[in-house]
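Here is a sequence together with a model predicted from it:
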Amino acid sequence: MSRVPFAFEASTKPPRDGSKFALRFWANRHARGMEITYSIVESVLRGLAPVFKLIGYERMEKPMVAVEKTIKSALFDCRMCGQCILSSTGMSCPMNCPKNLRNGPCGGVRANGNCEVYAEMPCVWVKGWEGSRLMKEGDKIMDVQKPIDHRLKGRSSWLAVSQGAHE
Ligand code: SF4
């Protein structure tokens, strides 16, 4: 039976089987280290804002998307939603949830902590909760997230951060 990919699923990246090694689960287990790394990246991005402004944010979009996508796809199975909330979700990308839920899990999490839709995949939000417990600011997982803005899909979150948005 063919599977229908969900809105933010890249056709080349089907849901992860938790039994196989994936950097996404590694990054999640090292959420505190990722949190520290991200705060450094955030400072650098904000510091570079005058340079990006000089070059032009629109001109920076394409190269920045290429860099961000390469790094975050490898580390988090990022789907380039353009409005990153990794630091509020225990370093588990919510766009890997087949229902694209950004405010916690649905009611269908299996007893073993796996996804209701893909039985072999650990629930993104179970992993997010575990990751958040390792983080200094992990309680941000309690924050209510805004609805996803589909117009930002494919755009660089990092450029948005350099302009003052929070990742
Ligand atoms: S929240 Fe969005 S930008 Fe962040 S890792 Fe997930 S898809 Fe990528």
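Okay, I see it. Just so we're clear, the structure is a prediction, and the values are computed from it rather than from any experiment.

make it CA atoms for all contacts and neighbour counts henceforth
OK.

show me where this structure has strands.
In the chain, no strands are defined using DSSP state E.

Please identify the residues of it in proximity to the ligand?
76, 78-86, 93-95, 157 (Cα under 6 Å from any ligand atom).

again, only this time at 8 Å
8, 69, 72-73, 76-86, 92-96, 156-157, 167 (Cα under 8 Å from any ligand atom).

Just give me the longest helix of the chain.
helix 57-76 (DSSP state H).

From the residues of the chain next to the ligand, which land in helices?
Going by DSSP H, the helices hold 69, 72, 73, 76, 157 from these.

what's the most distant pair in these?
76 and 157 (14.0 Å; Cα to Cα).

The two: who's more crowded?
Taking neighbours as other Cα atoms under 10 Å, residue 76 and residue 157 compare with residue 157 leading, 25 against 22.

Which residues are in contact with the more buried one?
By Cα atoms under 8 Å, 6 or more residues apart in numbering, residue 157 lies in contact with 80, 82, 83, 84, 167.

Next one: the closest residue to it other than its chain neighbours relative to residue 139, how far apart?
Distances taken as Cα to Cα, 6 or more residues apart in numbering put residue 82 closest to residue 157, at 4.8 Å, once the chain neighbours are dropped. Distance, residue 82 to residue 139, using Cα to Cα, to the nearest Å: 23 Å.
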